[in-house]
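*Asks:* Have a look at this fold, sequence not included:
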Ligand SMILES: [Zn+2]
């Protein structure tokens, strides 16, 4: 999943990031443009909690849409 959020990538300046498909600690967050490694997801999570909350809000919205259909 790609999410546009701060901070900017120190390498290419883009804000789009690739988040891992789950919340497992061993996953890393990468820049969606140049693949810069922002570090482990659990560190990122502590440092940029608001980004994770945005991400979860999007996930919940996605789930709700899926449930509503059919
Ligand atoms: Zn980058």
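*Replies:* Looks like it came in fine. Remember, predicted model here, so these are calculated numbers, not experimental data.
*Asks:* Just the buried positions in stretch 9-19, please.
*Replies:* 9, 17-19 (16 or more other C-beta atoms under 10 Å). For the C-beta atoms, the positions are set from N, CA and C on the backbone; glycine is no exception.
*Asks:* Relative to residue 66, how far out is residue 17?
*Replies:* To residue 66, residue 17 is 23 Å away according to C-beta to C-beta, to the nearest Å.
*Asks:* same deal with residue 11?
*Replies:* From residue 11 to residue 66 the distance is 35 Å (C-beta to C-beta).
*Asks:* Over to stretch 34-49 now: how far is its first residue from its last?
*Replies:* 23 Å (C-alpha to C-alpha, to the nearest Å).
*Asks:* Is any residue of that stretch near the ion?
*Replies:* Yes. Counting by C-beta under 5 Å from the ion, the ion has neighbours in stretch 34-49: 34, 36.
*Asks:* For residue 39, pull up the helix or strand it's in.
*Replies:* Using DSSP states H and E, residue 39 sits within strand 37-40.
*Asks:* quick one: residue 27 and the ion, what's the gap?
*Replies:* To the ion, residue 27 is 18 Å away according to C-beta to the ion, to the nearest Å.
*Asks:* Run through the residues that contact residue 37.
*Replies:* Going by C-beta atoms under 8 Å, 6 or more residues apart in numbering, residue 37 touches 28-31.
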